[in-house]
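A.B. asks: below is the sequence, then the predicted model.
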2 protein chains.
Amino acid sequence: MITLSVDAMGGDHGLESTVPASIATVDKHSDVRIILVGDAVQIAAKLGSHNDSDRISVRAASEVVTMDDTPAYALRKKKDSSMRVAINLVSDGEADACISAGNTGALMATARFVLKTIPGIERPAICASLPKLHGHTHMLDLGANIDSPSEILFQFGIMGNLLISCLGGPPNPSVGLLNIGVEEMKGSDTIRAAAELFRASNLNYKGFVEPDEIYIGDTDLIVCDGFVGNIALKASEGVAQMIMGTLKEEFNRNMATRAAGMVARPVLSAIKSRLDHRIYNGASLLGLRGTVVKSHGGMDSLGFQHAIEVALEEARENLVTQIENALTAIQL
Amino acid sequence: MITLSVDAMGGDHGLESTVPASIATVDKHSDVRIILVGDAVQIAAKLGSHNDSDRISVRAASEVVTMDDTPAYALRKKKDSSMRVAINLVSDGEADACISAGNTGALMATARFVLKTIPGIERPAICASLPKLHGHTHMLDLGANIDSPSEILFQFGIMGNLLISCLGGPPNPSVGLLNIGVEEMKGSDTIRAAAELFRASNLNYKGFVEPDEIYIGDTDLIVCDGFVGNIALKASEGVAQMIMGTLKEEFNRNMATRAAGMVARPVLSAIKSRLDHRIYNGASLLGLRGTVVKSHGGMDSLGFQHAIEVALEEARENLVTQIENALTAIQL
């Protein structure tokens, strides 16, 4: 039996997405139990007849971390938040993994404080899966670590590699280091030193990759420091929004274009659903002594359910132990 | 009279785009002369009847820098390349500005070697204009400088600000520093120190901006170091290509979707032309003691002509002198 703790109050939709996603998960997996953490009355109301399920339970927490709370404030002042209590359940051994759609900075800080990091890791890295024309690419770090030295970049590679296997990805994932060019002399001293470490390892290292590789290439895992990864991710989101905005404006320009939009609607829907990031939702916080998965804040229940699946696979495969062993091995 | 030197051989299309663009430019501006640099016989053939123009002349150069040449190789071994000779003309005072669609690294290295940088500037920065939903955003550095200290980031702001005025942009352009969050404590020590310099200046500094601001915000100028800028730019290009690839695939899926594509074609063309980066073509190399503009390598004559226009405006407004004066003033 695997037990997952869910921060029921986090994200833009809160209970509207976390509760149905949790119900769907226990319906799908007979070996999964879920503890929903938050306002017990509201959760019970939302659970309805599922309240009696022996595989869904409720844990009361009196506070909610908001999007405006700083990580420090959430950590020090909201010790009974749904996020904190959900993480505590992992730390106490009551749950095998936890999932939250709440404030990323607060989640990172709280998880790091409560669960601690694996020896040799200073801060957890965020690893997520990004859609490409066909398939998807895992990338880390997407926001936690700024100015990572070469050894840390190499650790990212090891952790990401194990995550991909654990999620049922290709057996020997190809790994690229994000850089401004593919030639060996490109980039900073740090990135070139990291390349040496990757080359000397038994990872399937393919060299430097440029950022367009994320979306149109065939690399399974792309490694970079958190500042650069976060910039690449948010620039991408900006472009995608701009293009979608342009599509919308042009199809709404006049009667004729609106008619064209109606004819093209099934195709436009197909495009939208292919680019739908809900099916890739669930970013893993790697390097912690416990499994924590972050859902995008805007996710509906389908998207949140995918984040739960990611946490479930990590717990099933004992990813934390795998990472601990692999990092110990390279530090010997 | 303003004289421009054009590397006629550079870019994917070479003479096919550089020669017609040059002809169109002298037709449009009666005070402009152009010196086309490269294979004199081929240029003459392409010029046809325009060969007799008193405002277009040809300067022979026996070599061409290829996309595979390293900057060092181009600099040391191709001293009679069309790129090098075009830059020499600026250095000799024969031309007021030069334009090339050739190898970016070679252009940077050659321009820096031949023209030298303005005192206080170590390497020139690349500043370009990126399309957004409505309008465009200037951004620098897009690729030359890695790990720029705070003073250099501040210099980028000053140079970009003057470039925007010189290209007829808004009178007091808003300036943002690219970061992974808008809060003051976000980012590296370097970026926070740069923010102090901007705040203390008379630039219209609006604070940290996240990368989606490039495409959907209202900041006129976004400043970042070259590594980060180049990553953001190439990630954006990758996403745009992926979305366009998805559009194409979905509209080509079957008879019905192809029919829908035909109905939607005028709208799809309108979208494509709004996102057309040709109208924003022409990246300025700022910080040199001479005006050099880089055209994207894949540009046709319309795109290349826009890069010529950028160089022309910079020369007309004496941007180099303006930058020199502004940087001297802050160093006093």
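C.D. replies: That came through, no problem.
A.B. asks: can you list the domains in chain A?
C.D. replies: A:1-121+A:287-305, A:125-285 (automatic domain parsing).
A.B. asks: quick check: A:V293 is in a strand.
C.D. replies: Yes - counting by DSSP: H, G, I helix; E, B strand; the rest coil, A:V293 is part of a strand.
A.B. asks: where does the nearest residue to it once chain neighbours are set aside fall, phi/psi-wise?
C.D. replies: Leaving aside its sequence neighbours, A:V293 sits nearest to A:A311 (CB to CB, 6 or more residues apart in numbering or on different chains; 4.0 Å). Quick note: C-beta positions are derived from backbone N, CA and C, even for glycine. Backbone torsions of A:A311, given as degrees, to the nearest 10, read phi -60, psi -40.
A.B. asks: might you report the residue contacts of A:A311?
C.D. replies: By CB atoms under 8 Å, 6 or more residues apart in numbering or on different chains, the contact list for A:A311 reads A:L4, A:A97, A:C98, A:I99, A:G282, A:T291, A:V292, A:V293.
A.B. asks: tell me which of the residues you listed has the lowest pLDDT.
C.D. replies: Lowest pLDDT among the contacts of A:A311: A:G282, with 91.
A.B. asks: so that residue sits right up against A:T291, yeah?
C.D. replies: No - using CB atoms under 8 Å as the test, A:G282 is too far from A:T291 to be in contact (11.3 Å).
A.B. asks: mind listing the helices for the stretch 151-300 of chain A?
C.D. replies: In the stretch 151-300 of chain A, the segments counted as helices under DSSP state H, counting those that start in this stretch are A:189-200, A:212-216, A:226-251, A:255-274.
A.B. asks: switch the ones you listed over to a markdown table; also include mean pLDDT.
C.D. replies: A markdown table is the format used below for the helices of the stretch 151-300 of chain A (pLDDT from 0 to 100):
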| stretch | mean pLDDT |
| --- | --- |
| helix A:189-200 | 95 |
| helix A:212-216 | 89 |
| helix A:226-251 | 87 |
| helix A:255-274 | 82 |
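A.B. asks: mind saving the C-alpha coords of stretch A:131-146 as PDB?
C.D. replies: This file holds the C-alpha atoms of stretch A:131-146, laid out as PDB (Å, rounded to 0.1, in the frame of the first residue of the first chain):
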ATOM      1  CA  PRO A 131       6.100  19.100 -24.400                       C
ATOM      2  CA  LYS A 132       7.800  19.000 -27.800                       C
ATOM      3  CA  LEU A 133       6.500  18.400 -31.300                       C
ATOM      4  CA  HIS A 134       6.500  14.700 -30.700                       C
ATOM      5  CA  GLY A 135       7.000  13.600 -27.100                       C
ATOM      6  CA  HIS A 136       8.500  15.500 -24.200                       C
ATOM      7  CA  THR A 137      11.800  16.500 -22.600                       C
ATOM      8  CA  HIS A 138      12.700  16.500 -19.000                       C
ATOM      9  CA  MET A 139      14.600  19.500 -17.800                       C
ATOM     10  CA  LEU A 140      16.200  20.600 -14.500                       C
ATOM     11  CA  ASP A 141      16.900  22.800 -12.600                       C
ATOM     12  CA  LEU A 142      13.900  25.000 -13.400                       C
ATOM     13  CA  GLY A 143      14.200  27.500 -10.600                       C
ATOM     14  CA  ALA A 144      15.700  26.600  -7.300                       C
ATOM     15  CA  ASN A 145      19.400  26.800  -7.700                       C
ATOM     16  CA  ILE A 146      21.200  29.900  -8.900                       C
END
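A.B. asks: just name the shakiest helix or strand of chain A by mean pLDDT.
C.D. replies: None of the helices or strands of chain A scores lower by mean pLDDT, DSSP states H and E than helix A:255-274, at a mean of 82.
A.B. asks: what does that helix rub up against?
C.D. replies: Against helix A:255-274 from outside (CB under 8 Å, 6+ apart): A:131, A:247, A:250-252, B:243, B:246-247, B:250-251, B:253, B:256-257, B:259-261, B:263-264, B:266-267, B:270.
A.B. asks: and the angle from it to helix B:255-275?
C.D. replies: On the basis of axes from the mean of the first three to the mean of the last three CA atoms, to 10 degrees, helix A:255-274 is oriented at 100 degrees to helix B:255-275.
A.B. asks: residues of helix A:255-274 that come out buried?
C.D. replies: Neighbour counts over helix A:255-274 (16 or more other CB atoms under 10 Å in any protein chain shown) mark A:T257, A:A260, A:G261, A:V263, A:A264, A:V267, A:L268, A:A270, A:I271, A:R274 as buried.
A.B. asks: now do the contacts for the residue in the stretch 1-150 of chain A that chain B sits nearest to.
C.D. replies: Residue nearest to chain B within the stretch 1-150 of chain A: A:L133 (4.8 Å; CB to the nearest CB). Counting by CB under 8 Å, 6+ apart, A:L133 touches A:Y215, A:I216, B:M242, B:G245, B:T246, B:E249.
A.B. asks: surely it is within a strand?
C.D. replies: No - counting by three-state DSSP, A:L133 is located in no strand; its state is coil.
A.B. asks: phi, psi of it?
C.D. replies: Dihedral angles (degrees, to the nearest 10) for A:L133: phi -50, psi -50.
A.B. asks: got it, and A:G11?
C.D. replies: For A:G11, the backbone dihedrals are phi 90, psi 170 (criterion: degrees, to the nearest 10).
A.B. asks: test my guess that it contacts A:V19.
C.D. replies: No - A:G11 is beyond contact range of A:V19, at 11.6 Å (criterion: CB under 8 Å).
A.B. asks: follow-up on the earlier one: mind telling me which of the domains of chain A the model trusts least?
C.D. replies: Lowest mean pLDDT within these: domain A:125-285, a mean of 89.
A.B. asks: how long is that domain from one end to the other?
C.D. replies: Its first and final residues considered, domain A:125-285 spans 6 Å by CA to CA, to the nearest Å.
A.B. asks: check the offset of it from the chain's centre.
C.D. replies: 12 Å (CA atoms, centre = their mean, to the nearest Å).
A.B. asks: how close does the residue in the stretch 51-200 of chain A that chain B sits nearest to sit to A:T291?
C.D. replies: Residue of the stretch 51-200 of chain A nearest chain B, by CB to the nearest CB: A:I180 (4.4 Å). Using CB to CB, to the nearest Å, we find A:I180 at a distance of 34 Å from A:T291.
A.B. asks: do the same with A:A45
C.D. replies: Using CB to CB, we find A:A45 at a distance of 29 Å from A:T291.
A.B. asks: of the two, who's got more company?
C.D. replies: Counted by other CB atoms under 10 Å in any protein chain shown, A:A45 and A:T291 do not tie: A:T291 has more neighbours, with 28 against 12.
A.B. asks: shouldn't that one be in contact with A:S100?
C.D. replies: No - the criterion here is CB under 8 Å, and A:T291 misses it with A:S100 at 11.9 Å.
A.B. asks: how near is the residue nearest the centre of chain A to A:R274?
C.D. replies: When CA atoms, centre = their mean is applied to chain A, the residue found nearest the centroid is A:A283 (0.4 Å). According to CB to CB, A:A283 stands 20 Å off from A:R274.
A.B. asks: much appreciated, bye for now.
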